[in-house]
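Peer 1: Coordinates for the following, if possible.
(2 chains)
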Number of protein chains: 2
Amino acid sequence: MSDSLPPEFALIAKYFRPLAGPGSMDLRDDAALLTPPPGRDLVLTADAMVGGVHFLPDDPPDLIGRKLLRVNLRSGGQGGDATGLSDDGFHPARHAGKLVRAFTAGLARDQAEFNVTLLGGDTTSTPGPISLSLTIIGHVAPRMAVHRSGASDGDGIWVTGTIGDGALGLAVATGRLVDPSGFLLGRYRLPQPRTGLAIGGVASAGMDVSDGLVQDLGHICRASDLGATIEAALVPLSAQARAAGEGWLETCLTGGDDYELLLAVPPSQEAALRAVAEARGVAVTRIGAFHSGPAQVKVLAANGEPLALTKGGWSHF
Amino acid sequence: MSDSLPPEFALIAKYFRPLAGPGSMDLRDDAALLTPPPGRDLVLTADAMVGGVHFLPDDPPDLIGRKLLRVNLRSGGQGGDATGLSDDGFHPARHAGKLVRAFTAGLARDQAEFNVTLLGGDTTSTPGPISLSLTIIGHVAPRMAVHRSGASDGDGIWVTGTIGDGALGLAVATGRLVDPSGFLLGRYRLPQPRTGLAIGGVASAGMDVSDGLVQDLGHICRASDLGATIEAALVPLSAQARAAGEGWLETCLTGGDDYELLLAVPPSQEAALRAVAEARGVAVTRIGAFHSGPAQVKVLAANGEPLALTKGGWSHF
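Peer 2: This next block holds a predicted model:
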């Protein structure tokens, strides 16, 4: 047997090894090894994306790599610091080389931007669509992680950035909406994770908005055993989302793919929230409040009446 | 909006939540949180499996769940202890409920057997075949992890158990070989990971045999910058593999799916290896030795001549 690498390992050596960081053993081993920072808790997050479900078949593969990393940087949403990632890729064998080349180029760019390195993973062929899963490992000071449970009666409901652009970007990508500025499509393809916001000890509960504002707010309600009421008119929309018109409001509220933070913040912490947000140049907006009662989300229209929504958000099944 | 769960989250609550352990937040959060055992290094492994590639479309889903966990228990191969896992599943939406029910039943059974719990993950729909990826997190005493690099000239080449049963089991499953005992099919569908073997400080290098003995031995050769010579007649075969006949020898040597350990052991540590193996009731066999020279694997036939193999092992691309 020659000492040349089988094609699968040549692909890993050429495209994945340059992304590998400390503890990865240069991807030459079956496992990565890392010494956790002393006195910190570990944060693990995992997300999966499938061609035709989470991105469109003709989305550029480098942007797919960047989006996969960005949607997974949720340890930021928990107030932690991400350090490394493990990537499992299922690639159609016929296009594997081309896909992996572009995918890893995108990953390299955003690994540098968000200061994480590749620890390991698995690359396999599939007769199906390109499918990707990423696990991020990070760390956080003990008791400083922000969870879905923990909100209290009277806490304000806050969001970062603007809501709905991702869902509208998908509408642009599929020809249902026109946005000559390219802003909405960009927000769909390349979300901006709100890492580095020091929300530990400031927010009483939180998560990122991935499946739609209303549905994700429902998760915090169930975990915190509270009701929530938000005012549609307070939900921050981009100029492009406002330009789309009232007919797209429900899409903005329920469409998902925002990756903005949704936070519960006690009134006593509002100044602290504004300070940490300003330090990172991130807008924060109060859109409602939690209150005792059934774990339900009420959305009020401008006239004060409850808005009837036809769906809450995204569900895979 | 009602407080009932969307179907995706109902599925997670019903089937995955019972598998969740400490740090998982009962799968109610975006992230898992764990406090690493003080003074231990973390070991991370990841493997992916695809229907039609790693298992047959009609393999029972509970066995698929168990196999996924077992092939991933590689931190055992590194001499570490596995503690938790994160599961990403891509399920065809039409069968999702049935698949997830059986898959998690298998996972539950083997989580109990191997003492690991679910930390988190993602469950998503796919228009393609069922695809699964698992990340295992474990820990090991500092400097006790066994890597692919580290073998020395003169170290013996050792394997646990028997080699080739998995590949022959695939031949049985696809109708190319008959084995009325069911042993070979069982070894393909339900490999036995060699966890709990205290090989740290005993083996100088090691990995598990997943892509074929010869190819995987080549990985240790490249990582340790050594050549390797094994004798085909020394490779331990099960009675069922011997019964298949000489014509299946190459399949046994190159077919993969064994998940036995392949170790480099200095002569001074052979007694120690036998002791740790005996403590776990695992057979260990010396099949050759590492030596200085090009990073190549030579397989000798019974007559001392090199055996000509048509392929080294499995490659996805």
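Peer 1: Need the three-state assignment for A:Thr310.
Peer 2: coil (DSSP: H, G, I helix; E, B strand; the rest coil).
Peer 1: From what I see, it and A:Glu250 are in contact.
Peer 2: Yes: counting by C-beta atoms under 8 Å, A:Thr310 touches A:Glu250, with 6.9 Å between them. Every C-beta, even on glycine, is put in place using the N, C-alpha and C of the backbone.
Peer 1: Could you check which of these two is surrounded by more residues?
Peer 2: A:Glu250 (20 against 6; other C-beta atoms under 10 Å in any protein chain shown).
Peer 1: How about the host helix or strand of the more buried one and chain B, touching?
Peer 2: A:Glu250 is located in helix A:249-254, with elements delineated by DSSP states H and E. No: using C-beta under 8 Å from any C-beta of the partner chain, helix A:249-254 stays clear of chain B, coming no nearer than 9.2 Å.
Peer 1: So which elements touch that helix?
Peer 2: helix A:165-173, helix A:213-224 (3 or more C-beta pairs under 8 Å, 6 or more residues apart in numbering or on different chains; DSSP states H and E).
Peer 1: so the next helix or strand after that helix versus helix A:213-224, what angle?
Peer 2: Per DSSP H and E, the first helix or strand lying C-terminal to helix A:249-254 is strand A:261-265. Orientation of strand A:261-265 against helix A:213-224 (axes from the mean of the first three to the mean of the last three C-alpha atoms, to 10 degrees) gives an angle of 40 degrees.
Peer 1: going on from strand A:261-265, what's the next piece of helix or strand?
Peer 2: helix A:270-279.
Peer 1: could you say what helices and strands that next one packs with?
Peer 2: Looks like helix A:270-279 contacts strand A:156-160, strand A:284-291 (3+ C-beta pairs under 8 Å, 6+ apart).
Peer 1: that older thread, mind checking which of the helices and strands packed on helix A:249-254 is nearest chain B?
Peer 2: Smallest distance to chain B across these (C-beta to the nearest C-beta): 5.1 Å, for helix A:213-224.
Peer 1: avg pLDDT for the closest one?
Peer 2: The pLDDT scores in helix A:213-224 average 94.
Peer 1: can you check stretch A:81-97 too?
Peer 2: Rounded mean pLDDT across stretch A:81-97 is 81.
Peer 1: Now that stretch: buried residues?
Peer 2: A:81-92, A:96-97 (16 or more other C-beta atoms under 10 Å in any protein chain shown).
Peer 1: ditto for stretch A:9-28
Peer 2: A:9, A:11-12, A:15-16, A:19-21, A:23-25, A:27-28.
Peer 1: from these, which ones fall inside strands?
Peer 2: Members of those lying in strands (criterion: DSSP state E): none.
Peer 1: Return the member of those residues nearest to B:Glu231.
Peer 2: The nearest member of the buried residues of stretch A:9-28 to B:Glu231, counting by C-beta to C-beta, is A:Phe9 at 25.7 Å.
Peer 1: hang on, the earlier thing: specify which member of the buried residues of stretch A:9-28 is nearest to chain B.
Peer 2: Looking across these and measuring by C-beta to the nearest C-beta, the closest to chain B is A:Arg28, at 5.1 Å.
Peer 1: Strands along the stretch 1-150 of chain A, start to end?
Peer 2: With strands called from DSSP state E, counting those that start in this stretch, the stretch 1-150 of chain A shows them at A:32-34, A:41-50, A:81-92, A:117-126, A:131-140.
Peer 1: Let me know which of those is the nearest to B:Asn303.
Peer 2: Among these, strand A:117-126 sits nearest to B:Asn303 (C-beta to C-beta), with 37.7 Å.
Peer 1: Could you check the angle that closest one makes with strand A:131-140?
Peer 2: Going by the same axes, to 10 degrees, strand A:117-126 makes 160 degrees with strand A:131-140.
Peer 1: Chain B contacts on the stretch 151-300 of chain A?
Peer 2: Residues of the stretch 151-300 of chain A lying near chain B (C-beta under 8 Å from any C-beta): A:207-208, A:214-215, A:218-219, A:221-223, A:294-299.
Peer 1: list the contacts for A:Ser204?
Peer 2: When contacts are counted by C-beta atoms under 8 Å, 6 or more residues apart in numbering or on different chains, A:Ser204 touches A:Gly150, A:Ala151, A:Ser152, A:Asp155, A:Ala264, A:Val265, A:Pro266, A:Gln269.
Peer 1: The first one and A:Val140, how far apart?
Peer 2: A:Gly150 sits 14 Å away from A:Val140, going by C-beta to C-beta, to the nearest Å.
Peer 1: For the two, indicate the residue with more neighbours.
Peer 2: A:Val140 (20 against 16).
Peer 1: For the helix holding A:Glu250, what is the distance to the chain centroid?
Peer 2: 18 Å (C-alpha atoms, centre = their mean, to the nearest Å).
Peer 1: How about the residue of the stretch 1-150 of chain A found nearest chain B, nearest residue that isn't a chain neighbour?
Peer 2: Nearest to chain B in the stretch 1-150 of chain A, going by C-beta to the nearest C-beta, is A:Gly128, at a distance of 2.0 Å. The shortest distance from A:Gly128 to any non-neighbouring residue, by C-beta to C-beta, 6 or more residues apart in numbering or on different chains, is to B:Gly128 (2.0 Å).
Peer 1: Nearest the geometric middle of chain A, what residue?
Peer 2: A:Val71 (3.0 Å; C-alpha atoms, centre = their mean).
Peer 1: For that one, which non-adjacent residue is closest in space?
Peer 2: Per C-beta to C-beta, 6+ apart, closest to A:Val71 is A:Asp47, 5.4 Å.
Peer 1: List buried residues within the contacts of A:Ser204.
Peer 2: A:Gly150, A:Ala151, A:Asp155, A:Ala264, A:Val265, A:Pro266, A:Gln269.
Peer 1: other SSEs contacting the top helix by length along chain A?
Peer 2: When chain A is parsed with DSSP state H, its longest helix is helix A:96-114. Packing partners of helix A:96-114 (3+ C-beta pairs under 8 Å, 6+ apart): helix A:7-11, helix A:61-72, strand A:81-92, strand A:117-126.
Peer 1: Who are the contact partners of the residue of the stretch 1-150 of chain A closest to chain B?
Peer 2: A:Phe90, A:Pro92, B:Val50, B:Thr126, B:Pro127, B:Gly128, B:Pro129, B:Ser131.
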